[in-house]
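**Student:** quick one: sequence plus predicted model below, questions after.
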Amino acid sequence: MKRQIAGMLVGFYLVSGCGAESQPAAQQAVKADKAQSVEQKQTAQQDTAAVKPEPSAKPAATPSTSEPAAQQASVDQAAQKKAEELFLQARALIKQGKLPDATRVLNSAITLNPQVAKYYFHRGSAWADLKQDANAIVDLTKAIDMQPGVAQYYYTRALFFMTRGGGQLALNDFTKAIELKPDSHHAYNNRGLLFATSGKLKEARADFEQVLKIKPDSLDAMNNLGFTLMNLGEGDEAIKILNKVIQENPKYLNAYDNRGLAWQKQEKFDKAIADFTKAIELSPQNQKFYRQRMTAYESAGDKKKADADKQKLVWLQQLAAINEQLVKDPENTELLLERAQFFLASEERESAMQDYAKIVELTQDTGRGYLIRGALYLEEKELDRCIQECSRSIKIQPNPEAYSVRGDAFMQRGDLDHALRDFERARRIDEVVAQAYLKRSENYKKQGKHKLAAEDFERAVAIDPSLGPEKLNKEKTAAKPVIRPID
């Protein structure tokens, strides 16, 4: 789950580990430096898997920030008090996610009292989440310079470097944080991730084992250790540890991924396939798991299933391309409709209907979303729902297309009067309309209403001459208006 660095002030910030399924936006936006991702290493080596940071069990307290008396003496008490009030306001704004406002309030606090490290620390954390990296590093470093004995300051700057590709700088800060707070299992875990992703597996192993000494029930550390042991060639021990993770949490995604790779290294392809299949169930749109299962199927000699996964990968890549456009333009209704239709073509109806609902939400001023959804219901022969959606669209903004689609629904339901009334409002002339007039003509004839029957028949033939005898008087037919005024 994405967590902001500023949010770490009430709970440790967690970065994604090697091959983890979600990364903070900041981490996704930068190129890896020395800490290259395991996703990349899998492509080259096919022997690495997801290493995951452990979740925070308890919120982290704000570090002590009592400043030296000599420094505080130069700031009058009124200014100190006002600055602290502003700081508390900024903290509240950060919790609400109002980071730009928080930085402005902290600016004022620092102007009143520039000698408090925690003001710089919190402003630097907010700058980091706002992607104002230059400002962030200045403030985070200023806080450390003012109070070099606070482990959390080093830990937070390490996370900043880690998410910006500064592997060695992050490593240095995690190490310093550990020196200041030797029981910081979070620092050991994240330093272990850096070691693991840079190929220093023995060092990574030591850090993950240290986490388990401090926090024996850490499933994340167990998973990370399993990943590391697998790549150290200790497959049996890795599987044993990963079994325990899955036993404790049957929905632990990365453990299935790691264990599947461990089975695959041991050429136990059926077990590898089973684990990758479970990973796919838990994360259906993750291309990596399909790719790994495809490789396992190929190794097991099951070409048919390998080809099916290959086709699924193509589908996921197409979906990813649409999703990428939607990230840039999330309210583009044409893109949403394209994705909805893509889902429908793949029998992913639930996902499709979510996109249709989003289109409806975005077009409340025009009613077009109701029309689009109504057209879908018409195609699916859900005629009552089609009529309902089109009526909603017309109520917001009458338009020929909505009348036309609703007319088709009435036509298919056998309600010719309402169908023709909508066709006339849509000013539509085609073979469907001709058939509607012809059928109503036949109904009038059965009812003995011969004049009305003749008028509808002539209209039908005027639209589609193939419906009537060649000897029909064309001049007489032309005299009957095809589109009648609406009363």
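**Tutor:** Received it, and whenever you're ready, just let me know what you need.

**Student:** correct me, but T366 touches K395?
**Tutor:** No: using Cβ atoms under 8 Å, T366 is not in contact with K395; the gap is 11.7 Å. Quick note: C-beta positions are derived from backbone N, CA and C, even for glycine.

**Student:** quick one, which of these two is more surrounded?
**Tutor:** T366 (14 against 11; other Cβ atoms under 10 Å).

**Student:** residues contacting R349?
**Tutor:** By Cβ atoms under 8 Å, 6 or more residues apart in numbering, the residues touching R349 are F343.

**Student:** in stretch 350-369, what's buried?
**Tutor:** By neighbour count with 16 or more other Cβ atoms under 10 Å, stretch 350-369 contains the buried residues 351-352, 355-356, 358-360, 362-363, 367-369.

**Student:** likewise stretch 448-458?
**Tutor:** Of the residues in stretch 448-458, 453, 455-458 count as buried by neighbour count, 16+ other Cβ under 10 Å.

**Student:** and for stretch 194-209?
**Tutor:** 194-198, 200-201, 203-205, 207-208.

**Student:** what does stretch 88-106 give?
**Tutor:** In stretch 88-106, counting by 16+ other Cβ under 10 Å, buried: 89-91, 93-94, 99, 101-103, 105-106.

**Student:** I'd like those as a markdown table, with secondary structure appended.
**Tutor:** Formatted as a markdown table, the buried residues of stretch 88-106 follow (DSSP: H, G, I helix; E, B strand; the rest coil):
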| residue | secondary structure |
| --- | --- |
| Q89 | helix |
| A90 | helix |
| R91 | helix |
| L93 | helix |
| I94 | helix |
| L99 | helix |
| D101 | helix |
| A102 | helix |
| T103 | helix |
| V105 | helix |
| L106 | helix |
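
**Student:** farthest pair in the buried residues of stretch 194-209?
**Tutor:** Farthest-apart pair in those is S198 and F208; separation 14.6 Å (Cβ to Cβ).

**Student:** in stretch 223-243, what counts as buried?
**Tutor:** 223-231, 234-235, 238-239, 241-242.

**Student:** mind checking what secondary structure the closest residue to Y297 other than its chain neighbours has?
**Tutor:** Nearest in space to Y297, with sequence neighbours left out and distances taken as Cβ to Cβ, 6 or more residues apart in numbering, is A306 at 3.8 Å. For A306, the secondary-structure state derived from three-state DSSP is helix.

**Student:** what's near enough to touch A306?
**Tutor:** So A306 contacts 294-295, 297-298 (Cβ under 8 Å, 6+ apart).

**Student:** just the pLDDT for it.
**Tutor:** At A306, the predicted lDDT confidence score is 96.

**Student:** and if you look at the one 3 residues further on?
**Tutor:** At D309 the predicted local confidence, pLDDT, stands at 96.

**Student:** and it, how many neighbours?
**Tutor:** Close neighbours of D309, defined as other Cβ under 10 Å, add up to 21.

**Student:** who are the contact partners of it?
**Tutor:** Residues near D309 by Cβ under 8 Å, 6+ apart: 290-291, 293-294, 297.

**Student:** which one among those residues gets closest to Q435?
**Tutor:** Nearest to Q435 among the contacts of D309 is Y290, at 47.5 Å by Cβ to Cβ.

**Student:** how about the helices in the stretch 101-250 of the chain?
**Tutor:** Assigned helices in the stretch 101-250 of the chain, in chain order: 117-129, 133-146, 151-163, 167-180, 185-197, 201-214, 219-231, 235-248 (criterion: DSSP state H, counting those that start in this stretch).

**Student:** between which two of the buried residues of stretch 88-106 is the distance greatest?
**Tutor:** Comparing all pairs in these by Cβ to Cβ, the longest separation belongs to Q89 and L99, at 13.3 Å.

**Student:** any weak-confidence spans in the stretch 51-200 of the chain?
**Tutor:** Across the stretch 51-200 of the chain, the ranges flagged by pLDDT under 70 are 51-73, 75.

**Student:** domains of this structure?
**Tutor:** Following automatic domain parsing, one gets these domains for the chain: 6-63+73-280, 359-478.

**Student:** nearest to N323, out of the ones you listed?
**Tutor:** domain 6-63+73-280 (13.5 Å).

**Student:** surely A419 meets A436?
**Tutor:** Yes: using Cβ under 8 Å, A419 is in contact with A436, at 5.3 Å.

**Student:** which residues do these two both contact?
**Tutor:** M411.

**Student:** what are the buried residues along stretch 436-445?
**Tutor:** 436-441, 443-444.

**Student:** return the subset of those lying in helices.
**Tutor:** Using DSSP state H, 436-441, 443-444 are the members of those that sit in helices.

**Student:** in TSV: these, plus pLDDT.
**Tutor:** Formatted as TSV, these follow (pLDDT from 0 to 100):
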residue	pLDDT
A436	95
Y437	94
L438	94
K439	94
R440	95
S441	94
N443	94
Y444	93
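
**Student:** export the residues you listed to TSV and tack on distance to L112?
**Tutor:** As requested, those are exported to TSV (distance: Cβ to Cβ, whole Å):
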residue	distance to L112
A436	78
Y437	82
L438	85
K439	83
R440	82
S441	87
N443	85
Y444	88
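
**Student:** so which of these comes closest to H186?
**Tutor:** Among these, and counting by Cβ to Cβ, the member closest to H186 is A436, at 70.8 Å.

**Student:** contact partners of the host helix or strand of K278?
**Tutor:** Per DSSP states H and E: K278 is located in helix 269-282. For helix 269-282, the external contacting residues (Cβ under 8 Å, 6+ apart) are 251, 253, 256-257, 259-261, 263-264, 286, 289-290, 292-293, 296-297, 299-300.
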